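In: what's the 3D shape of this:
(2 chains)
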Amino acid sequence: MKRRGFGTAQVILFLSIAILVVVVAVPVLLIFLNAFWVNGSFNVADVIRIIREPDTWQALVNSLIIASGTTIGSTIVGTFFAWLVTRTDLPFKRFMKGMFLVPFMLPSFIGALAWKMLLSPRAGFINRFFMQNLGFDGPIFNIYSYAGIMMVEVMYLFPFVFIQVCGALERMDPTLEESARISGAGLFTITRKITIPLVLPSILSGALLIMLYSMAHFGTVAVLGIENGIFNIPTLIYQRIHQSAGSFASIRTGTVLAAILVVAAALILWLQSKVLSRGHYQIIAGKSFRPMELKLRALRMPLLIFCLAYIGFTIVLPTVVIFLVGGLKTYGLPFTWENLSLDNYKFILFDYKVTKDAIWNSVTLGFSAAVITMFAGVMISYVIVKMKVRGKGILEFLGMLPFSVPGSVIALGVILAWSGKYGVNLYNTVWIILVAYIARYMAFSLRANSAALEQVHDSLVEAARVCGATMWQALKDIVLPLVRPGMVAAFFLIFLPSLRELTVSIMLYAPTTRTIGVAIYTLNEDGETVMSAALAGIALILIIVGETLINRFIKTERRGG
Amino acid sequence: MYKTFRVAVFAVLLSFLVVLAAPLASFAASAKGGETLIIYTSMKESLIGGIVEGFVKKYPDIAVDYQSAGAGKLMAKIAAERESGKILADIIWTSEVPDFYSMKNEGILEQYKTPLFGELLNPFDDYDGHFTAARLGTLGIAINTDLIKTPPTQWSDLFKPEYKGAFGIADPALSGTSYMSVALLDKQFGWAFFEKLRDNKARIGKGSGQVVDDTASGELAASLAVDYITNDKIAKGAHLALYYPPEVLMAPSPVAIFKGSTHLEAAQKFVDYLLGKEAQTLIAGEGTLSVRADVEKPAAFMLPEAPDALKRAIKIDYLQMMAGKEALIKKFTDTLQGK
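Out: Predicted coordinates:
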């Protein structure tokens, strides 16, 4: 150790900082630089001018409207279902709970495509059914609207709240409610004074996550909004960059919008940490009592039917429509046996260069990004959680950064950083997408790996060392096996979402570097609706098989470990 | 302690590198390079695939690769490649005529006067060999045959009540052909044409393909439609029909060779092959118009004869059109959205 100027610890620290700086910090920094520096001088007036342009202003307002509506809707839906499956005697609760998590798997832009087919004003299957068979004069619902966008986003985002609230309700110490009841409080008082205050932080934290997600969400708005001129921040950034093939003015507008997104995201995350730290006091306490279950009595069956109908309506119906439309010869034909075949699926998998490339790109990109990010994540988390070196504070700050940077911001950032201005030109190659994926998913890896590392108490390693094991042995035999589930989780947490990634890749793709998400989106935009649906169907199969495999893996891992 | 720890760290780093290298190698293998003629085109996979196949059959010693994408994407790629020093493509073939004029002005196109020129229908009065039309795209009115019973014969038919709220034009900000159509219709009929469309609640769609699919599904009753997209769907059984008013909207697809192409001879051979009868027959088979009068138009397609269409086509000054692009798109959007 004394032979060199610095030890291994410093090397690791340096490497960790370097990775985060290059991959995440530089792109974000460049966005702020490009937004606020005009011709080498700081210029806020120009930023304000851009914000006040009617289109930009409208996009900001739209992002806010859509995010607020989605957040409120998802919070109500998520909390209600969470309460239903944890605190009542609803039949098949366990099954229902699993079903309510399924929307997590469905990419919302595929949901949006399905709902476009179901509820476009004149041709949507549901609207047409009402108009032709039930004598309605006009569509019952126009999906190309704010309400339509929010409805679709709520359908696929509410699990964020659901999962948080379920967790809180399950972990909550039931004795608190018990004692209130024994002291003579009614159900209403208990709910108001005990249950809600205890669960509120979880509800708020889930709601803020949805707000963050929805504000920076591209797919649904792109599929349903552009038609009626509804743009939000990410779709406006995309449209500007796409239209002008990367002119300076459009990139500047993009950077200003992106800067606003970053600030808003940081604000939301700060609020979330406030909310969570305030509510941390007392949720996890023993599980000595089963929570009091509300008897639904006569409402039991109607509520079960309601839940099943909800699942049928939001999960089964759209999926079925995607697969059916994917089987049609051409869009607009009725679903009869002679119009349906597997030809599109065959064509997409074996003959169509665009989709074959897309599937290959997504799988290799997802795999590479997952492997790289998994290892980098272990290393960085190890420094953050376990090592005691100077300069760790910088790393902690940098490690927080990926959590608060939305996808479209990362995409714009890597365009600025990697399109030749600083010596390396990756634009229009597959590499730029890889770099962006690593930046985008680093947060997932850090979260999974530090959670795993935190559970490995230092005393385990110390005990091994006392017994005469070398450092290497201790790492290999104790730390790594214990951290492995975290690493595997990180791998899948990155690999599966990247298979359906759209927001980042849509900004970065080149003719041969389409990903699955991009191919679905562009096929839809090109009017190849049936091909787009067929590819979406294949993507759904990939995702569902993948999720099932992980769940199985995680279960055996738990049982074995 | 640190010594052993350092070993561990190196092991971790090493495995990190190995895992990193595996996907890298696979990417490197898929990267294109070497002695290959590269074509950038916005033509559909089915069309360019067939043409390249025929070309390779005729010239087995020339390797060809192509990238098919929207013209905007391709121009962005070319711009990025120019910045880094070298355009990777040898040939470009899209339907965005203005792009070709600006590339010619920037001096990045190789002049090549094809010996076949005398046999071709030429839509460009100022032809000088920088680019040659290889296809005569047209736009007509596609109708959903379940919803509209009397075929349109004039552009002014679009103001009729049966098209109310159900006629769509692709967003000119997204689709180059749509932008060109708007410019052509403006030139021919003046802006009043679009004001009347607005009064009849015409809609702005997304891409030029999507308006056709929306027409097939009945979301729209009719749309301003590109010939081959519509004919392809008709062939698959969609309830669509395509009609041409007397004034034809024509969007020629020029082909050009990039200056500095290292496969100049092969590129010229490809251009000649593309303009020859064999490739043009393939083009006509896609449901669009060939640049050769001697190529049979398949009877199944509802298309005008190519020489006739060229005569009826609305003429426009492309350079002027280019200059006014952003303003025109904004005016169009504002008018149709009733601002």
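In: the strands in chain A, which residues?
Out: Secondary structure of chain A (DSSP state E): strands at A:37-38, A:41-42.
In: the last one pairs with which strands, parallel or anti?
Out: Within its sheet, strand A:41-42 is paired with strand A:37-38 (antiparallel), according to DSSP bridges.
In: so what touches the strand it pairs with?
Out: A:N43, A:D46 (CB atoms under 8 Å, 6 or more residues apart in numbering or on different chains). (Each C-beta comes from the backbone N, C-alpha and C, glycine too.)
In: give me the residue from chain A nearest chain B.
Out: Closest approach of chain A to chain B (CB to the nearest CB) occurs at A:G527, with a separation of 2.5 Å.
In: skip the chain neighbours and tell me the closest residue to that residue.
Out: B:G209 (2.5 Å; CB to CB, 6 or more residues apart in numbering or on different chains).
In: in terms of contact, does the one you found touch A:D526 like I think?
Out: Yes - counting by CB atoms under 8 Å, A:D526 is a contact partner of B:G209 at 4.0 Å.
In: higher neighbour count, those two?
Out: Taking neighbours as other CB atoms under 10 Å in any protein chain shown, B:G209 and A:D526 compare with B:G209 leading, 26 against 22.
In: contact partners for that one?
Out: A:E525, A:D526, A:G527, A:E528, B:V226, B:I229.
In: do the same with A:V483
Out: Neighbouring residues of A:V483 by CB under 8 Å, 6+ apart: A:V378, A:N449, A:A452, A:L453, A:V456.
In: now, the residues you listed that are in helices?
Out: A:V378, A:N449, A:A452, A:L453 (DSSP state H).
In: ok, back up a step: can you tell me the helix or strand for the residue nearest to A:G527?
Out: Using DSSP states H and E, B:G209 sits in helix B:208-217.
In: give me the mean pLDDT for that helix.
Out: Computed over helix B:208-217, the mean pLDDT rounds to 90.
In: also stretch A:371-379?
Out: Average pLDDT, stretch A:371-379: 90.
In: can you pull up the most central residue in the chain?
Out: Using chain A here. Per CA atoms, centre = their mean, the C-alpha nearest to the average position across chain A is that of A:Y213, at 6.7 Å.
In: not what I meant, chain B
Out: B:S95 (3.7 Å).
In: tally of neighbours for the closest residue to A:A464 other than its chain neighbours?
Out: In space, and not counting its chain neighbours, A:A464 is closest to A:A474: 4.2 Å by CB to CB, 6+ apart. Residues lying near A:A474 (other CB under 10 Å) number 21.
In: just the one 3 residues further on next, same as before
Out: Burial of A:D477, expressed as a neighbour count using other CB under 10 Å, amounts to 12.
In: check A:R128 too.
Out: 20.
In: what sits against it?
Out: Going by CB under 8 Å, 6+ apart, A:R128 touches A:R122, B:G218.
In: now the end-to-end length of stretch B:215-235.
Out: Using CA to CA, to the nearest Å, the end-to-end distance of stretch B:215-235 comes to 15 Å.
In: distance of the residue in the stretch 151-300 of chain B that chain A sits nearest to from A:T235?
Out: Here the residue of the stretch 151-300 of chain B nearest chain A is B:G209; by CB to the nearest CB that distance is 2.5 Å. B:G209 is 19 Å from A:T235, where distance means CB to CB, to the nearest Å.
In: for B:M302, same thing?
Out: 36 Å.
In: related to what we said a few turns ago, show me what contacts the residue nearest to the centre of chain A?
Out: With contact taken as CB under 8 Å, 6+ apart, A:Y213 is in contact with A:L157, A:F160.
In: so what's the residue count around the residue of chain A closest to chain B?
Out: Look at A:G527: counted by other CB under 10 Å, it has 30 neighbours.
In: could you do the one 3 residues further on as well?
Out: Residues near A:V530, counting by other CB under 10 Å, number 24.
In: what's the answer for A:A180, then?
Out: So A:A180, with other CB under 10 Å, has 18 neighbours.
In: hmm, it is touching A:I190, no?
Out: Yes - at 4.9 Å, A:A180 and A:I190 qualify as touching, with contact defined as CB under 8 Å.
In: which regions of the chain lie under the pLDDT threshold?
Out: Assuming you mean chain A. Residue ranges of chain A with pLDDT under 70: A:1-8, A:243-248, A:278-292, A:557-561.
In: please go with chain B instead
Out: Scanning chain B for pLDDT under 70 picks out B:1-34, B:84, B:339.
In: contacting residues around the closest residue to A:G254 other than its chain neighbours?
Out: Nearest non-adjacent residue to A:G254, counting by CB to CB, 6+ apart: A:I237, 4.4 Å away. By CB under 8 Å, 6+ apart, the contact set of A:I237 is A:T253, A:G254, A:L257, A:A258, A:S408, A:L412, A:M507.
In: buried subset of those residues, written for PyMOL?
Out: In PyMOL, this line selects whichever of the contacts of A:I237 come out buried by 16 or more other CB atoms under 10 Å in any protein chain shown:
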select buried, chain A and resi 253+254+257+258+408+412+507
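In: helices - which of the contacts of A:I237 land there?
Out: The members of the contacts of A:I237 that map onto helices under DSSP H are A:T253, A:G254, A:L257, A:A258, A:S408, A:L412, A:M507.
In: the fourth one against A:I410, yeah?
Out: No - when contacts are counted by CB under 8 Å, A:A258 is not listed as touching A:I410 (9.1 Å).
In: filter the contacts of A:V483 to the buried ones?
Out: Going by neighbour count (16+ other CB under 10 Å), those have A:V378, A:N449, A:A452, A:L453, A:V456 buried.
In: right, and the first one touches A:M487 too?
Out: Read it as A:V378. Yes - A:V378 lies in contact with A:M487 (CB under 8 Å); the separation is 6.0 Å.
In: quickly list what's touching both of the two.
Out: In contact with both A:V378 and A:M487: A:N449, using CB under 8 Å, 6+ apart.
In: domain ranges for the chain, per the record?
Out: Just so you know, I chose chain A. Chain A is divided into the following domains under automatic domain parsing: A:52-326, A:339-561.
In: my bad, the chain I had in mind was chain B
Out: Listed domain ranges for chain B are B:37-136+B:252-303, B:138-249+B:320-336 (source: automatic domain parsing).
In: buried deepest among these, which one?
Out: Mean neighbour count (mean count of other CB atoms under 10 Å in any protein chain shown) peaks for domain B:138-249+B:320-336 among the domains of chain B, with a mean of 21.
In: what sits against the nearest residue to A:L169 once chain neighbours are set aside?
Out: Of all residues not flanking A:L169 in the chain, A:T86 sits nearest, at 4.2 Å (CB to CB, 6+ apart). A:T86 is in contact with A:K93, A:C166, A:L169, A:E170, A:P291, counting by CB under 8 Å, 6+ apart.
In: go ahead and build a PyMOL selection from the buried members of those.
Out: A single PyMOL command selects the buried members of these (16+ other CB under 10 Å):
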select buried, chain A and resi 93+166+169+170+291
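In: could the contacts of A:T86 go into CSV alongside distance to A:I384?
Out: Listed next are the contacts of A:T86 as CSV, based on distance: CB to CB, whole Å:
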residue, distance to A:I384
A:K93, 38
A:C166, 29
A:L169, 31
A:E170, 29
A:P291, 36
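In: show me where chain B has helices.
Out: Taking DSSP H as the criterion, chain B carries its helices at B:2-30, B:45-58, B:71-83, B:97-105, B:176-189, B:192-199, B:208-217, B:227-235, B:264-275, B:277-285, B:306-312, B:318-323, B:325-336.
In: put together TSV for those, with distance to A:L157 on each row.
Out: Shown next, in TSV, are these (distance: least, CB to CB, whole Å):
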stretch	distance to A:L157
helix B:2-30	32
helix B:45-58	35
helix B:71-83	30
helix B:97-105	40
helix B:176-189	34
helix B:192-199	36
helix B:208-217	26
helix B:227-235	35
helix B:264-275	49
helix B:277-285	47
helix B:306-312	50
helix B:318-323	43
helix B:325-336	30
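In: nearest to A:P107, of those?
Out: A:P107 lies closest, by CB to CB, to one member of the helices of chain B: helix B:208-217, at 19.7 Å.
In: about what we covered before: so who does the residue of chain A closest to chain B touch?
Out: By CB under 8 Å, 6+ apart, the contact list for A:G527 reads B:G207, B:S208, B:G209, B:Q210, B:V211, B:V212, B:D213, B:D214, B:I229.
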